[in-house]
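# return atomic coordinates for the entry below.
(2 chains)
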Protein chains: 2
Amino acid sequence: MKPAFAIGLDYGTNSVRAVVVDCANGRSIGTHVANYPSGDQGVLLDPKDPHLARQSPADYISGLGASVKGALVEAAREPGFDPSRVVGIGVDTTGSTPLPVDARNQPLALDPKWKGNLAAQAWLWKDHTGAADAAAITETARQRAPHYLAPIGGVYSSEWFWSKVWRCLKVAPDVFDAAASWVELADFVPALLAGVDKPSGIERSICAAGHKAMYSDVWGGLPAKEFLSCLDPKLAALRDRLFEKAHAPDRPAGRLTKAWATELGLPEGITVAMGGFDAHYGAVGAGVKTGTLVKIIGTSTCDCAIASAREPMKDVPGICGIVNGSIMPGYYGIEAGQSAVGDILHWWVDVVCLGSDVLHAQLSEEAARLRPGESGLLALDWNNGNRTILVDPRLTGLILGQTLHTTRAEIYRALVEATAFGARAIVERLQEYGVPVDRVVCCGGIAEKNDLFMQIYADVLGHPMLVAGSPQTPALGSAISAAVAAGLYPSFEEAQTKMTSLKEKRFVPDPKAKAVYDELYRMYRELHDTFGGVPGAKADLATLMKRLLAVRERHAH
Amino acid sequence: MKPAFAIGLDYGTNSVRAVVVDCANGRSIGTHVANYPSGDQGVLLDPKDPHLARQSPADYISGLGASVKGALVEAAREPGFDPSRVVGIGVDTTGSTPLPVDARNQPLALDPKWKGNLAAQAWLWKDHTGAADAAAITETARQRAPHYLAPIGGVYSSEWFWSKVWRCLKVAPDVFDAAASWVELADFVPALLAGVDKPSGIERSICAAGHKAMYSDVWGGLPAKEFLSCLDPKLAALRDRLFEKAHAPDRPAGRLTKAWATELGLPEGITVAMGGFDAHYGAVGAGVKTGTLVKIIGTSTCDCAIASAREPMKDVPGICGIVNGSIMPGYYGIEAGQSAVGDILHWWVDVVCLGSDVLHAQLSEEAARLRPGESGLLALDWNNGNRTILVDPRLTGLILGQTLHTTRAEIYRALVEATAFGARAIVERLQEYGVPVDRVVCCGGIAEKNDLFMQIYADVLGHPMLVAGSPQTPALGSAISAAVAAGLYPSFEEAQTKMTSLKEKRFVPDPKAKAVYDELYRMYRELHDTFGGVPGAKADLATLMKRLLAVRERHAH
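This is a model prediction of the structure:
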């Protein structure tokens, strides 16, 4: 084929990244990151409420132009590149990150009337203000429509669409009333690029709808108005202003408008692919296939797997989402995740130890000199709640086993281990319900940079940890989606074969370390099941500290 | 009476302090601190074993001369002071801190043969290497002589005499065999000053013997040889080389030798009082009486009370010691304590946060701006085990409730609160068994300097926290003992009336804070009883994190 390029746009928590990708081999030939200028590293916070996390839609729009233009400038240095050869744009974003829009699809937050109103902004994925609302949705669904909960792990999360929208209705009814509709960021950006000028014109992705808004074709789309009325009649009324049908990424979201083409320096009318969540497109870019678990390890973690949609799929309790078509057409997309991974290390190093990247590296180096079990510490990875397998945002952190000699590096390592144990709980749950996990492919900054972290994960999970070839798998996955939508490849699978790869470096489990971690993991599960409220939890907490000391004594240098 | 002065010598964990006291009013007119030069701030450590803590006897001897001479230099500036008017010397020390001596009462450690041998040094109070030995002693006593355990809380501690001596026998049998006897530091220093040149000539204090060596007149002194034989025949043999009788401080330990008189510049032959533990003499110097709990708050805490020996005293489970005459003649001395208090704050500020005194002050100031319950944190104060009421050195620390926003100041406050909850568990246990606690008098550096700490204690305990007038109550108590032994006062009570006082500043409970802490204390007890293995512990750990969040939400600013 002739040289062809696609652009992947990846909206993260603190910045948006654009990558220009060579569709022949997936190689990135230009990339640019635009940081969101607002708030604390792009996140609007409320000092009085640690659960609140919002973003300014203006940052999304300014970041779009800045990142794409920057990436094209870099790509222009590549021999053979020409912007006229860009065939499409794909978009992935954080989610569930819904924002209220007006009748012309303009974010309410851009209207001077709502300037500074936190409820009118985008409600970032990690906003947990809707915890009580999520609990009420779960309760109502358990009583009236338990089938709504089955494919989303049995518990509705405060991170998800309806919890946030309902919370807005309660705390800022004026904002709620002013919203013509609510749009996931993943659907908003493609609609913006395609010039969709009314909410009903937006192609909504099954990825966002199915995983976060209780949408399923099985029950005719979004939850029934009767159900929503039980929450609040205004939510039932909102259903009419949302959408009837959501789609797998098997069609384009639209065509690039003249205005955006001019603004960005791209051909008018090129394909804009359907949006998706960063993790889902990240899984595509990491080469997800049956039997592969893709872990996108960042501030939080998203674990993605797929299973053929030709056979019926069992529900998996506590796994937050199983949605047909949410990752690739023709497959169930299976999504799990941990609410905080990098964020827990960030908390320890930056918030508590007042450190920086230098200290991250230093603690990682010191921690690498420790043996498994040597610190006597055991921690729970719940500083931001537990997304999978407990689906409970109102859980908090725990560190146990400290002596007067416990160091910051030992705690750093214990926190890495805690996240690895949380990851293992997810893998075991998937396997228990028939989802094979034969290989683990990691992506994200931590996978690239933190060898200690990766080795601990290999030792805790007992699988080699592979690393995706691209450092920007979500953007690559978005670009793959654009390449497929533009017709360059007949399927995602064929595009993946050409456009994805693995790094040579891999992390292989050490059997001795694995044996210690098997023991520590069982103790982790005692804490996890007890404090997490797992029915019938088995634990002997009266001896736990002593058993940890015994492990410590066996494994100290 | 004519002007008369006494010297109190206080052997602490990192230094020895000498204080010259005016016997008319208890006023300190000269003081000097000599730091121990060896090890880490005077403590010999083993990087491979965090439970090991030893001290060099050479430091004790060099510190004696330096501190007394320094104190006399300062006292010499006081009009009316004359060294010839010094009537006695009293000594208090850490304990149980036993050291092996040869047939001439010389510490083995001073013999070049044992230079650098950690087992030949003094075994500092906080050495926990004998944890397994302590457990075996407890087990053996439960089976064969449960009465030995009744007055010491039901569990023999790794911090105590026999655990350490037995440990030495196991790990360094050559040192054990070379020892003619073992002497508590509290008995060693008076014997040294009095020139006692054989172990059998040492006056042994009931304070050390009764609280730490299972000595009681009720069963004829130290544990029977039959019992010790069950542990090891060599311990039974050692019994003959220890002592038959221990005494309340109702007699002198001896008279100052000519050599020491010359060395120190004091009159030859003045009274050397019986030694005692720092906490016990500290209680005397703080004005302990029936109904008063004296808290000596330092790296660890010792809580002391007395009860008239005219009535029989019930045993109190988990209270480490009830010994007739151990604080003052005529009273049961009741000793409880927390294994780490200042040390936990030191751990957090210095070891984890790599801070210093400046950071201590800064965190205390930041923490003071938080309301009770506002952080959502709950901690256990067990980084160095639990001395009272669980008597279990193999417990470790726990911090729970962290979010991604939890600060070092919040954790600092949670650790202060944890120690306060531990203190409350002791007070409640005493009251439950009929020991009245009507007022609490605190002494030690933290009581003098850390207002936040004291206010939290007042709010958690629900009692006003009074502060002893003297900043050096152990040394003052030792001086009182010397004044009584020298015949200046007919009793400790009369000496206390003249020589002790309270500071004007006191800390009064705030009823609102008290109510929040009542609630948090119940949650603390859920963790405490569960992880501490209290039989029949009641806890609902599955909801604990959520209840803490609820408290947090009620009390946030």
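# average pLDDT across the one helix or strand residue A:529 maps to?
Assigned by DSSP states H and E, residue A:529 belongs to helix A:511-531. For helix A:511-531, the mean pLDDT works out to 98.
# one more: stretch A:206-222?
Here the average pLDDT along stretch A:206-222 is 95.
# cool, stretch A:317-330 as well?
Mean predicted confidence for stretch A:317-330 is 88.
# any part of the helix holding residue A:529 near chain B?
Yes. Shown here: helix A:511-531 in contact with chain B (CB under 8 Å from any CB of the partner chain) through A:530-531. Any C-beta I mention is one placed from the backbone N, CA and C, and that applies to glycine too.
# what is that helix packed up against?
strand A:378-380, strand A:397-402, helix A:408-432, helix A:451-461, helix A:541-555, helix B:541-555 (3 or more CB pairs under 8 Å, 6 or more residues apart in numbering or on different chains; DSSP states H and E).
# mind running it again at 6 Å?
On a contact count with 3 or more CB pairs under 6 Å, 6 or more residues apart in numbering or on different chains; DSSP states H and E, helix A:511-531 meets helix A:408-432, helix A:451-461.
# which strands and helices lie in contact with the shortest one?
This means helix A:451-461. helix A:357-368, helix A:408-432, strand A:465-467, helix A:511-531.
# save these as JSON lines, and put in mean neighbour count too.
Output for those, formatted as JSON lines (neighbours: other CB atoms under 10 Å in any protein chain shown):
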{"stretch": "helix A:357-368", "mean neighbour count": "16"}
{"stretch": "helix A:408-432", "mean neighbour count": "23"}
{"stretch": "strand A:465-467", "mean neighbour count": "23"}
{"stretch": "helix A:511-531", "mean neighbour count": "19"}
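# got these as CSV, with distance to residue B:293 columns?
Below are the helices and strands packed on helix A:451-461 laid out as CSV (distance: least, CB to CB, whole Å):
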stretch, distance to residue B:293
helix A:357-368, 42
helix A:408-432, 35
strand A:465-467, 56
helix A:511-531, 34
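# sorry, back to before: now the helices and strands packed on helix A:511-531 in CSV, with distance to residue A:340 and mean pLDDT?
As requested, the helices and strands packed on helix A:511-531 are arranged in CSV below (distance: least, CB to CB, whole Å; pLDDT from 0 to 100):
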stretch, distance to residue A:340, mean pLDDT
helix A:408-432, 8, 97
helix A:451-461, 14, 97
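# redo the ones you listed as CSV? Include distance to residue B:254.
As requested, these are exported to CSV (distance: least, CB to CB, whole Å):
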stretch, distance to residue B:254
helix A:408-432, 49
helix A:451-461, 61
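# out of those, which gets nearest to residue A:553?
Ranking the helices and strands packed on helix A:511-531 by proximity to residue A:553 (CB to CB) places helix A:408-432 first, at 15.3 Å.
# before we move on, back to that, do you know which of the helices and strands packed on helix A:451-461 lies nearest residue B:481?
That would be helix A:408-432 among the helices and strands packed on helix A:451-461, by CB to CB, at 43.9 Å.
# just checking, next helix/strand downstream of the closest one?
strand A:439-443.
# list the contacts of residue A:287.
A:496, A:500 (CB atoms under 6 Å, 6 or more residues apart in numbering or on different chains).
# and it, what element?
Applying DSSP H and E, one finds residue A:287 in no helix or strand.
# and it, what's its pLDDT?
96.
# just the one 5 residues further on next, same as before
pLDDT, the model's per-residue confidence, is 95 for residue A:292.
# and it, how many neighbours?
Burial measure for residue A:292: 19 neighbouring residues, criterion other CB atoms under 10 Å in any protein chain shown.
# hmm, it is touching residue A:439, no?
Yes. With contact defined as CB atoms under 6 Å, residue A:292 counts as touching residue A:439 (5.3 Å).
# contact partners for the residue of the stretch 1-150 of chain A found nearest chain B?
Here the stretch 1-150 of chain A gets closest to chain B at one residue, residue A:50, 4.4 Å apart by CB to the nearest CB. Taking CB under 6 Å, 6+ apart, we find residue A:50 in contact with B:403, B:405.
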